[in-house]
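Undergrad: The following comprises the amino acid sequence and a computationally predicted model.
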Amino acid sequence: YTDVKEAIDSITDASSENPYLVFIGPGVYTVTGPIQLKAHVTVMGSGRETTLLKGAISSYHSWYSSIIQGANNATLSQLSIENTGGGDYSVGIANDYASPVLDTLTVNASGSEVSDAIWNSHSSPSMINISGTGSGSRVGCGIDNNYSSPTMINVTITASGSESGYGIWNYNSSTTIRNSTLEGSTHSVYNYSFNAASSIRIHNSALVGAIGG
């Protein structure tokens, strides 16, 4: 296949007994619509300096505005993602009720009113060796957690926007962060609770920007 989405969509029988690997060679791959990961499928690039999935995907909701849509029991690794948006939202990776393993990735989102590198909703993804930026015309967010409990190890994130830039936005979520650097133009970390508990555990990490909540 020459199209990443087409290659993943062609898999119909993946299971724990029959896992798949989709290997992406070096190059820049244009993405015109969200790529849905699948359970028991590992999508692996040739390195985040050499494999780039790039698109300008933007819609009225984070899920529909992403380059990658996560899945349970899926793995994404060794590549870069760039969404240049252009509308209401732009997102690099969106996890909605899905908890993939994200390993050794660079994820950048920009060009929209609200731009999130990674958006998690009701999810518990493992994020290891991640770097990225969220740069929105109004709001930028590195990692946006909503009712989620991700684990982040060795994550370097920056975020900016004319109104606010959150390295981590934590809404009714319980997040564990280790060995990471979080930077936001207004807040490195913003921890917000509404009718639910919200907490962040941060170990051996650097925070650049105010802490709020």
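TA: Done, it's in.

Undergrad: Name the spans of this protein whose pLDDT lies under the cut-off.
TA: Low-confidence segments of the chain (pLDDT under 70): 195-196.

Undergrad: Longest strand of it, counting residues only.
TA: Ranked by number of residues, the top strand in the chain under DSSP state E is strand 181-192.

Undergrad: so the following helix or strand past that strand versus strand 181-192, what angle?
TA: Toward the C-terminus, strand 181-192 is succeeded by strand 199-203 as the next helix or strand (DSSP states H and E). Put simply, strand 199-203 runs at 160 degrees to strand 181-192, going by axes from the mean of the first three to the mean of the last three Cα atoms, to 10 degrees.

Undergrad: Packing partners of strand 199-203?
TA: For strand 199-203, the packing partners by 3 or more Cβ pairs under 8 Å, 6 or more residues apart in numbering; DSSP states H and E come out as strand 164-171, strand 174-178, strand 181-192. In short, each C-beta sits where N, CA and C put it, glycine included.

Undergrad: Deepest-packed of those strands, please.
TA: Highest mean neighbour count among the helices and strands packed on strand 199-203 (mean count of other Cβ atoms under 10 Å): strand 164-171, with a mean of 26.

Undergrad: coming back round to it: show me how far the longest strand of the chain is from its chain's centre.
TA: Computed by Cα atoms, centre = their mean, to the nearest Å, the chain-centroid distance of strand 181-192 equals 16 Å.

Undergrad: One more: stretch 126-145?
TA: Centroid separation for stretch 126-145 versus its chain: 7 Å, with Cα atoms, centre = their mean.

Undergrad: Against residue 91, how distant is the residue sitting furthest away from the middle of the chain?
TA: Ranked by distance from the centre of the chain (Cα atoms, centre = their mean), the top residue is residue 17, with 27.7 Å. Residue 17 sits 33 Å away from residue 91, going by Cβ to Cβ, to the nearest Å.

Undergrad: Could you do residue 164 as well?
TA: Distance check for residue 164 against residue 91: by Cβ to Cβ, it reads 17 Å.

Undergrad: what's the answer for residue 172, then?
TA: Residue 172 is 19 Å from residue 91, where distance means Cβ to Cβ.
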